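S.K.: Got a predicted structure plus its sequence, pasted below:
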Amino acid sequence: MSQYADLAARLEAALTRHSGRATKVRDLARLTGGATKGTYQFTAERDAGEEKLILQLTTVSERTDPSVDATPRLDGTSDAQLMIAAARAGVKVPEVRVILDQSDGMGSGYVTGFVAGQTLGAKLARDPAFAGIRETMARQAGEALAATHTIDASTLPFLARQDAAEQVRIYTRVADHLAPDLPLLAYALRWVGQQVPPPTELTVIHGDFRNGNIIATPERGIEAVIDWEIGQIGDPMQDLGWFCVKTWRFGGAQPAGGFGSRESLFEGYEKAGGRKVDPVRVRFWEAFGSVRWAVMCLRKGMLYATAEEPISIEQCTIGRRIEEGLYDFLNLIEGRD
Amino acid sequence: MPAATPSDDVLLEAAIEYLRTELLPTLEGYHSFQTRVTINALGMILRGLRQGAALDEAETARLAELLGQDGSRAELNAMLAARIRDGELALDDAALRQHIRRALEEALQVNNPKWLKT
């Protein structure tokens, strides 16, 4: 038995109950995970066949602190419902097979099909194997976002609604609370506060659509969009801008995800039925995205201090990345990017 | 005070060298990743030990000139942050812009010098 014997036993019971057919679980292994979330891979044996599946567990913290929690995180059930709605709208996502419920005794989470491919941002941006497909991937990213922005929000009442003004307000509050004496951050937040674009029509957005949250292969490019847990109702241009933030290029030479040109991204978006792209608005979201990332770094770097999570070298060093986002922001507003 | 030869920075450099050239190649998966992150963190401390004091001193002098006031680095930074937030300083003020850029570049020299070259 694996080191997750207890989890495997619960999972077997859950899969058997939900499918109504005896299911065996083997090779359960953790792929990623922190204190609040875990992704596991396993093989399910049922009848004569077997298949690889993914288990996603989300432990939603009991306590949310409005002074530091910027974006509401969906619980496993809502996350899965959003993915189902995304699939219906034509976005490639892992197929949701089971949404766990209370009687499964595993907390909040769901099981999806396994999508083969690469997820590491640096590989997608720089591995020679992807050289021939990168520009196509920028276009596919635009297509995926166009479909995402047609998701029917009426079936997803749990999604939070945040426009640009609200996001700037929230991140400013978080930053002022965590680091009131940091002039570099105060400067960036005041700038974005002055540049907030006028209100616009809001749609369902992914919220964290970037290189690192997609699965791709050198043959076919983007195979699936993952990590929907901060999906919300917002400015559709936000997703396009966040995708171009320098941090998410992973050293790739091109702006759109490190893959391709903004033109390819925008063209893919518009041709797939997306709205007319407003480059000025996208630019605002890209600038704001770098500042948002800086605030996220700050927050991660301080998690141990608030005793929310045990001290970890990975989280602590992310705290030291705050200047990366602010430097990118400054270069962007000075036209040096 | 214990003996300080070699100095802290040299000791740390030797430790990083061991982790990077001998231990890291023997690791894979989780521990390879964590060790790489650890080497990065120790590199930040090493660069801070070697350059931090001089950078802090230069920053304090620049802050004092920008604000027209004396004080500790922490006091002056708090004052500058407050003036920016309250709108007392225009965001396109050339001296302010220059200070922000210098401060970011200096911080990156310690935390992640590679970022300056990308």
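M.R.: Here it is on my side, so go on.
S.K.: Show me what the lengthiest helix in chain B is packed against.
M.R.: In chain B, assigned by DSSP state H, the helix with the most residues is helix B:29-67. Helix B:29-67 makes packing contacts with helix A:313-319, helix B:8-18, helix B:73-85, helix B:94-111 when contacts are defined by 3 or more CB pairs under 8 Å, 6 or more residues apart in numbering or on different chains; DSSP states H and E. Every C-beta, even on glycine, is put in place using the N, C-alpha and C of the backbone.
S.K.: Work out for me the element the spatially closest residue to A:Tyr269 that is not a sequence neighbour sits within.
M.R.: Closest residue to A:Tyr269 apart from its sequence neighbours, by CB to CB, 6 or more residues apart in numbering or on different chains: A:Gly142 at 3.5 Å. Per DSSP states H and E, A:Gly142 falls inside helix A:134-148.
S.K.: cool, and A:Glu50?
M.R.: Going by DSSP H and E, A:Glu50 is part of strand A:49-58.
S.K.: Please apply the same query to A:Gly268.
M.R.: For A:Gly268, the host element (DSSP H and E) is helix A:262-271.
S.K.: could you point out which element follows that helix?
M.R.: Per DSSP H and E, the first helix or strand lying C-terminal to helix A:262-271 is helix A:279-301.
S.K.: which residues are in contact with stretch A:164-178?
M.R.: With contact meaning CB atoms under 8 Å, 6 or more residues apart in numbering or on different chains, stretch A:164-178 is reached by A:67-71, A:162, A:182, A:185-186, A:189, A:192-193, A:196-197, A:199, A:234-235, A:238, A:284-285, A:288, A:291-292, A:295, A:298-299, A:302, B:85.
S.K.: Centre of the chain to that stretch, how far?
M.R.: From the chain centre to the centre of stretch A:164-178 is a distance of 20 Å (CA atoms, centre = their mean, to the nearest Å).
S.K.: Backbone torsions only: list them for the residue in chain B sticking out farthest from the centre.
M.R.: No residue in chain B sits farther from the centre than B:Thr26, which is 30.2 Å out by CA atoms, centre = their mean. Backbone dihedrals for B:Thr26, given as degrees, to the nearest 10, come out at phi -90, psi -10.
S.K.: ranges for the helices of chain A?
M.R.: According to DSSP H, the helices that chain A contains are A:5-19, A:76-88, A:121-126, A:134-148, A:164-178, A:183-194, A:236-244, A:262-271, A:279-301, A:313-319, A:322-333.
S.K.: Can you name every helix or strand that the third one contacts?
M.R.: Here helix A:121-126 is seen to pack against helix A:134-148 when contacts are counted using 3+ CB pairs under 8 Å, 6+ apart.
S.K.: by contact count, what packs against the helix it packs on?
M.R.: Using 3+ CB pairs under 8 Å, 6+ apart: helix A:134-148 touches helix A:121-126, strand A:214-217, strand A:221-225, helix A:236-244, helix A:262-271.
S.K.: Only alpha carbons, please: show that helix as PDB.
M.R.: This file holds the C-alpha atoms of helix A:134-148, laid out as PDB (Å, rounded to 0.1, in the frame of the first residue of the first chain):
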ATOM      1  CA  ARG A 134       4.500  28.600 -29.500                       C
ATOM      2  CA  GLU A 135       2.900  31.200 -31.800                       C
ATOM      3  CA  THR A 136      -0.100  28.800 -32.300                       C
ATOM      4  CA  MET A 137      -0.300  28.500 -28.500                       C
ATOM      5  CA  ALA A 138      -0.700  32.300 -28.100                       C
ATOM      6  CA  ARG A 139      -3.600  32.100 -30.600                       C
ATOM      7  CA  GLN A 140      -5.100  29.100 -28.800                       C
ATOM      8  CA  ALA A 141      -4.800  31.000 -25.500                       C
ATOM      9  CA  GLY A 142      -6.900  33.800 -27.100                       C
ATOM     10  CA  GLU A 143      -9.500  31.200 -28.300                       C
ATOM     11  CA  ALA A 144      -9.700  29.600 -24.800                       C
ATOM     12  CA  LEU A 145     -10.300  33.000 -23.300                       C
ATOM     13  CA  ALA A 146     -13.000  33.900 -25.900                       C
ATOM     14  CA  ALA A 147     -14.900  30.800 -24.900                       C
ATOM     15  CA  THR A 148     -14.200  31.400 -21.100                       C
END
